[in-house]
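*Asks:* what's the 3D shape of this:
(2 chains)
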Amino acid sequence: MELGGPRWKGKGFEDIAQANPMSEIISRLQTSLTQSEASATLSGCTALLESEPEAAELLERASFGQKITNCNDDKHWFQLAPEESFYLCHALKCIKILRKDNTLMDESELWNHFGSKRKTFPEVYKAYSHLRLKNWVVRSGTHYGADFVAYRHHPALVHAEYAVLVIPEKDGNVNNARLSQWSDLCCSLRLSGSVAKTLLVLHVSSCDRRDWSSLSCLEQVTVEEQIIRRWIPERSREDKHVEVDEAH
Amino acid sequence: MTSSSSLAAGPSSQRRNTGCDSIDCLISLSHGSIKPTVGTDYGIRSMARNGGLRAKDDEEEEQHQNPFLFNNKSLTSRPQFRSEVSKAHWDEEMDMGEIIEKKGSIWTTTGIIRNGKLYCHIEEILFLAERGALILTSADGKTFNLGDIYKKVIASNLGSSWEYFQAYRHLKSLGYIVKRHDIPWTLKNNRSCCGSNSPSETNGRTCEVEFGISDLLQGMQIHDLKPAFDVYLPNSKFKKSSPGDPSFLLCLLREDPPSRSEVENLEKKCDGLPLKFCYVDHGRVSFFSFDKGTLPILP
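*Replies:* Below you'll find the predicted structure:
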């Protein structure tokens, strides 16, 4: 059963998206942040990034972080979630991370820091970077009962397509309890339906727990994508592609 | 949101919750009964319009501003500097700002009194500075800009400081009266500016969880759940000299929801004061209660 594909939020928005491919925005963002030697200061799990106006606009277009409202125009402040700041620092290598006392933190230390704050950070980060590297826009999904919500382009232009759950896996056996009970699975499907229509499960093959402490483990870990849907036989009896009626 | 606008919103409005779920969300409460009555010069409505604090249906997608518009105007509203701007002077030793020029009615519900002087913690300062209602200066007369104040919040010893600030700001913007837990509204002898309980000076019940200065100074990872803030309902007649009991105590949660035993331990220490829990994630501030259930036996 084919779903309708991306749902754009306004007339002409698909054209705007096509004219501004996400890969280009991110590439320009990388350059702009690197040139301005941007840095973000760490506070617990959040990092506060100070940026020039040009980089700020690109951050918004690429949908990284959240703008903090402020009274100045010359400096813009964004708050970054752990996976976002780690992605900008490690994958794109365009920002530096500072501790409270303004000293520089290197990537391994940052990795360990986030890992100590959130047990699931390594797998969640791997899933985040997997989607971002494919140029999907990834935002937090916690409020919707998922780990992430994935958009084909900027969330102002298009509705979310996937609600994403991250499941660490060892040797093909699911390592933890998520989605292992029907009430959980149906709950996730139900919730994802009201946000994004499709549940995407990312199975992250985890190393031995010990190895996650080393950043190099990131390269060896793989991500498998799985799409879980409910199939409604009452609506599938015609032998052609049908738009799923969502009001059920 | 008025009923007329929800009719115009289209099919998603049919799925709108008609009331709060069992997971209480104070965001949706703000629609109804609680209206900010004090400190309306916070410019709450202008903040709410511009992406920060508007309450929204839990199940709808977030609203996002479109950064691809061609008119290039600033995407976030900048609150105007008000004509009534208070001034504070940062006191390094107290780790607070001393208010040297008070303007506006906000001060009946903000700041604490020590030896007859008014002081503010860094989160209160940032809240007001973001709204253009306060200017902070240092010992040598230099004015702190917003970036400096953000860094001060990060550097503060208040828990996971940025998350604490977000929780504080969220409730304060809605008109609630918020104070750090276990810190008296007023103290006559300046024995300590924070931390120790002085029941003789404070009215109302207090929670017995100790929140000593040494913990704060060491910036320890304090794993025990403890209240971060005392919160009072908006009240134009609020008096720091007799505040009464807080409406609830707010605890900030970390990675996981609290276990039942953690909640029970906390309830025991808090002398019957209601507890609410706050989870800050990716900039979204959510509130929950975990109350003991007592279902009636039905006939």
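*Asks:* what about chain A, any weak spots by pLDDT?
*Replies:* A:1-4, A:70-73, A:170-176, A:196-197, A:207-213, A:239-248 (pLDDT under 70).
*Asks:* go ahead and flag the most central residue of it.
*Replies:* Nearest to the mean C-alpha position of chain A, by CA atoms, centre = their mean, lies residue A:138 at 3.0 Å.
*Asks:* quick check: which element contains residue A:189?
*Replies:* helix A:182-195 (DSSP states H and E).
*Asks:* say whether chain B is contacted by that helix.
*Replies:* Yes - interface with chain B: helix A:182-195 contributes A:194, A:195 (CB under 8 Å from any CB of the partner chain). All C-beta spots, glycine's among them, are computed from the backbone N, C-alpha and C.
*Asks:* report all helices and strands that the helix or strand following that helix contacts.
*Replies:* Sequence-wise, the next helix or strand downstream of helix A:182-195 (DSSP H and E) is strand A:198-205. In terms of contacts (3 or more CB pairs under 8 Å, 6 or more residues apart in numbering or on different chains; DSSP states H and E), strand A:198-205 is packed against helix A:121-133, strand A:162-170, helix A:182-195, strand A:223-228.
*Asks:* would TSV of the ones you listed with distance to residue A:99 and mean neighbour count be doable?
*Replies:* TSV is the format used below for the helices and strands packed on strand A:198-205 (distance: least, CB to CB, whole Å; neighbours: other CB atoms under 10 Å in any protein chain shown):
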stretch	distance to residue A:99	mean neighbour count
helix A:121-133	18	22
strand A:162-170	28	23
helix A:182-195	36	16
strand A:223-228	31	13
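*Asks:* how about the strands in chain B?
*Replies:* B:86-91, B:96-101, B:112-114, B:117-120, B:134-137, B:177-180, B:186-187, B:227-232, B:248-252, B:275-281, B:284-288 (DSSP state E).
*Asks:* next, format those strands as TSV and append mean neighbour count, mean pLDDT and distance to residue A:25.
*Replies:* Listed next are these as TSV, based on neighbours: other CB atoms under 10 Å in any protein chain shown; pLDDT from 0 to 100; distance: least, CB to CB, whole Å:
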stretch	mean neighbour count	mean pLDDT	distance to residue A:25
strand B:86-91	20	95	40
strand B:96-101	19	94	40
strand B:112-114	19	94	46
strand B:117-120	20	94	40
strand B:134-137	21	94	36
strand B:177-180	22	95	39
strand B:186-187	19	89	53
strand B:227-232	23	95	38
strand B:248-252	23	95	35
strand B:275-281	20	92	25
strand B:284-288	18	92	24
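*Asks:* about what we covered before: how distant is the helix holding residue A:189 from the center of its chain?
*Replies:* Relative to its chain's centre, helix A:182-195 lies at 19 Å (CA atoms, centre = their mean, to the nearest Å).
*Asks:* just the CA trace of it, in CSV.
*Replies:* Presented in CSV, the C-alpha positions along helix A:182-195 are these (Å, rounded to 0.1, in the frame of the first residue of the first chain):
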residue,chain,number,x,y,z
TRP,A,182,2.0,-5.3,21.7
SER,A,183,0.7,-2.5,23.8
ASP,A,184,4.0,-0.6,23.2
LEU,A,185,4.0,-1.3,19.5
CYS,A,186,0.4,-0.3,19.0
CYS,A,187,1.0,2.8,21.2
SER,A,188,3.9,3.9,19.0
LEU,A,189,2.0,3.2,15.8
ARG,A,190,-1.0,5.2,17.1
LEU,A,191,1.1,8.2,18.2
SER,A,192,3.2,8.2,15.1
GLY,A,193,0.0,8.2,13.0
SER,A,194,-1.1,11.5,14.5
VAL,A,195,2.2,13.1,13.8
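*Asks:* beta partners of the residue nearest to the centre of chain A?
*Replies:* residue A:150 (DSSP bridges).
*Asks:* surely it meets residue A:125?
*Replies:* No - shown here, residue A:138 and residue A:125 do not form a contact pair, counting by CB atoms under 8 Å, at 10.9 Å.
*Asks:* ok so, going back, as JSON lines, the strands of chain B with distance to residue A:60 would be great.
*Replies:* Shown next, in JSON lines, are the strands of chain B (distance: least, CB to CB, whole Å):
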{"stretch": "strand B:86-91", "distance to residue A:60": "32"}
{"stretch": "strand B:96-101", "distance to residue A:60": "32"}
{"stretch": "strand B:112-114", "distance to residue A:60": "38"}
{"stretch": "strand B:117-120", "distance to residue A:60": "32"}
{"stretch": "strand B:134-137", "distance to residue A:60": "28"}
{"stretch": "strand B:177-180", "distance to residue A:60": "30"}
{"stretch": "strand B:186-187", "distance to residue A:60": "44"}
{"stretch": "strand B:227-232", "distance to residue A:60": "31"}
{"stretch": "strand B:248-252", "distance to residue A:60": "28"}
{"stretch": "strand B:275-281", "distance to residue A:60": "20"}
{"stretch": "strand B:284-288", "distance to residue A:60": "18"}
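*Asks:* quick one, which of those is nearest to residue A:24?
*Replies:* strand B:284-288 (29.1 Å; CB to CB).
*Asks:* any idea how far residue A:42 is from residue B:144?
*Replies:* 20 Å (CB to CB, to the nearest Å).
*Asks:* circling back to that earlier point, taking strand A:223-228 as reference, get the angle to the helix holding residue A:189.
*Replies:* 90 degrees (axes from the mean of the first three to the mean of the last three CA atoms, to 10 degrees).
*Asks:* name the residues that touch helix A:182-195?
*Replies:* A:141, A:144-146, A:149, A:160, A:162-163, A:165, A:177-179, A:198-199, A:228-230, A:246, B:15, B:59, B:61 (CB atoms under 8 Å, 6 or more residues apart in numbering or on different chains).
*Asks:* wait, doesn't residue B:183 sit right on residue B:112?
*Replies:* Yes - assessed by CB under 8 Å, residue B:183 is found in contact with residue B:112 at 6.4 Å.
*Asks:* all helices of the stretch 151-299 of chain B, in order?
*Replies:* B:161-173, B:213-218, B:260-269 (DSSP state H, counting those that start in this stretch).
*Asks:* please identify the deepest-packed of the ones you listed.
*Replies:* helix B:161-173 (a mean of 24; mean count of other CB atoms under 10 Å in any protein chain shown).
*Asks:* so what angle separates the directions of that one and strand B:227-232?
*Replies:* Going by the same axes, to 10 degrees, helix B:161-173 makes 10 degrees with strand B:227-232.
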